[in-house]
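# Predicted model, plus sequence, below.
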Amino acid sequence: MVKISVLMPVYNMAPYIEEAICSILTQTYSDFELLILDDGSTDGTLDIIRKFDDKRIRVIAHTVNQGLIATLNQGIDLCTGEYIARMDGDDIALPHRLERQVNFMDDHQDCGVCGSQVYLLGRDAITAKPLNHEAIRCWQLFHCTMVHPTVMIRKSVLEDHDIRYLNYFHAEDYEIWNRLSAITQLVNLPEVLLMYRQHSNQITNIHQEIQVVQSERIRRDQLLRLGIDATAEEYQTHLDFCNFRIRTGEPDHYYRCLAWANKILESNLRQPIYDHQTLNLVLSQCFSLSRY
C-alpha cells in the first residue's frame, strides 16, 4: 500500500492536464499513486493521459460523463493510500507539496484534513485562508475556507465515519468541510503549495448560479444549527458579511449588521457550536475588512 493516493478527477482538461500530471510526478515525495479518473472527456484529455508511462499512474476512464460528485466518491473507494491528496487537472502542485503535507499529517495525528494557500494564476495574488481549526469552522459560516485541490485527507476518517461527498452540486467541497470539522481537526498551512488556475471553463464560472443556490443551502444549514432560521432580509445581511460589503458610512445598514452579528453571538452562547472568542473575532474582521 502506498502512503498517498493523489485523486485527480478530470473532464475536458486537454490544455492543462499534461502540466498538472507532471507537477505530481516530479514531487519530492515519491511514495504515492496517481489515480486519474477521466469522466468521459471529449477533447482528447484521455489521449494525453495515456501518453504517460509511469507505474504510479492508474487511469479509470468513463465512457459517459458521471459528474464530479460521483467520480470523487468512486475515487475515494479506489484509493489505497493512508492519505488522499486531492488534485485538479488544471492546477500545478509545487514540487514539495506532498512532502510538506504528509510530514504535517504524520506529526499531527489529530488532523484529518490539511490544506494550504494557493497562488492565483493570472491574478498575481495569494490566498489568505484561515489556518487553525476554530477559525476555519467560524469562517465556514460565510464561505468555503479550504481550496479543494490543496487538501490532503486522512482516509481512515472518511472510512470510520462513512463520509462521502453529497449532492451539493458545485459546492460539494464547501459542504463536506462542515461535516468533517465536527469529527476531526482541519488545518490550512500558511505556505503556498499549489498554483490555482482560473479560466472560463471552470465550474465556478460555468455553473455560478447553481453554486450560489447550493452555497445558500449550506449557510442556512449552519445557521439553523445555531437555532437561527434567517428571514430573507437577514440572509441578505449575512451575504453582506460574506462579501465584506458592510457599509459603515450608512447608519441604517451598519446597525442592521451589528444586530445580525449580535444575534449570531447570542445564539452561539445559548447553543455553543463555535469557539466564542474566535467567532467574535471573525465577525469583527467582517466589519474591518469591508470595502464599503
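Alright, I've got the coordinates. Numbering: from 1, shown residues only.

# Could you report the neighbour count for residue 284?
Number of residues near residue 284 (other CB atoms under 10 Å) recorded here: 11. C-betas here are computed from N, CA, C, even on glycine.

# if I pick residue 11, what's in contact with it?
Contacts for residue 11 (CB atoms under 8 Å, 6 or more residues apart in numbering) come out as 38-41, 45, 65, 68, 89.

# List only buried entries from those residues.
38-41, 45, 68, 89 (16 or more other CB atoms under 10 Å).

# List the buried residues for the longest strand along the chain?
What stands out as the longest strand in the chain, according to DSSP state E, is strand 185-196. By 16+ other CB under 10 Å, the buried positions in strand 185-196 come out as 185-189, 192-196.

# Please list the members of the buried ones among the contacts of residue 11 that lie in strands.
residue 38.

# need the buried ones among the contacts of residue 11 in JSON lines with distance to residue 248 and pLDDT, can you?
As requested, the buried ones among the contacts of residue 11 are arranged in JSON lines below (distance: CB to CB, whole Å; pLDDT from 0 to 100):
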{"residue": "38", "distance to residue 248": "50", "pLDDT": "98"}
{"residue": "39", "distance to residue 248": "46", "pLDDT": "97"}
{"residue": "40", "distance to residue 248": "50", "pLDDT": "96"}
{"residue": "41", "distance to residue 248": "48", "pLDDT": "96"}
{"residue": "45", "distance to residue 248": "48", "pLDDT": "97"}
{"residue": "68", "distance to residue 248": "39", "pLDDT": "96"}
{"residue": "89", "distance to residue 248": "42", "pLDDT": "96"}
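
# Of all pairs in the buried ones among the contacts of residue 11, which one is the farthest apart?
Across those, the longest distance by CB to CB is 14.4 Å; it joins 45 and 68.

# what residues are up against residue 179?
Applying CB under 8 Å, 6+ apart, the residues near residue 179 are residue 163.

# which SS class is it?
At residue 179, secondary structure determined by DSSP: H, G, I helix; E, B strand; the rest coil is helix.

# so what pLDDT did it get?
Looking at residue 179, its pLDDT reads 96.

# Next, count neighbours for residue 233.
Around residue 233 there are 10 residues (other CB under 10 Å).

# that older thread, and which of the contacts of residue 11 is nearest to residue 133?
Using CB to CB, the contacts of residue 11 come closest to residue 133 at residue 68, 26.2 Å.

# So the closest one is in contact with residue 9, correct?
Yes: if you go by CB atoms under 8 Å, residue 68 and residue 9 touch, sitting 6.1 Å apart.

# Name the residues contacting each of those two.
residue 39.

# For residue 59, which non-adjacent residue is closest in space?
residue 36 (5.1 Å; CB to CB, 6 or more residues apart in numbering).

# Show residues contacting stretch 209-222.
Contacts of stretch 209-222 (CB under 8 Å, 6+ apart): 140-144, 168-171, 174-175, 178, 203-204, 230, 235, 238, 242.

# can you do 6 Å?
141, 168-171, 174-175 (CB atoms under 6 Å, 6 or more residues apart in numbering).

# Tell me the buried residues within these.
Of those, these count as buried by 16+ other CB under 10 Å: 141, 168, 170-171, 174-175.

# Now the residue lying closest to residue 52 once chain neighbours are set aside: which helix or strand?
Excluding the flanking residues, the one nearest residue 52 by CB to CB, 6+ apart is residue 21, at 6.0 Å. Taking DSSP states H and E as the criterion, residue 21 maps to helix 17-25.

# pLDDT averaged over that helix, what's the number?
The model assigns helix 17-25 a mean pLDDT of 98.

# now that helix against strand 185-196, angle please.
Helix 17-25 runs at 130 degrees relative to strand 185-196, counting by axes from the mean of the first three to the mean of the last three CA atoms, to 10 degrees.

# just the CA coordinates of helix 17-25, formatted as PDB?
Output in PDB follows, covering the C-alpha atoms of helix 17-25 (Å, rounded to 0.1, in the frame of the first residue of the first chain):
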ATOM      1  CA  ILE A  17      -3.600  18.100 -18.000                       C
ATOM      2  CA  GLU A  18       0.000  17.400 -19.000                       C
ATOM      3  CA  GLU A  19       1.300  20.200 -16.800                       C
ATOM      4  CA  ALA A  20      -0.900  19.000 -13.900                       C
ATOM      5  CA  ILE A  21       0.300  15.400 -14.200                       C
ATOM      6  CA  CYS A  22       4.000  16.400 -14.500                       C
ATOM      7  CA  SER A  23       3.700  18.500 -11.300                       C
ATOM      8  CA  ILE A  24       2.700  15.400  -9.400                       C
ATOM      9  CA  LEU A  25       5.200  13.000 -11.000                       C
END
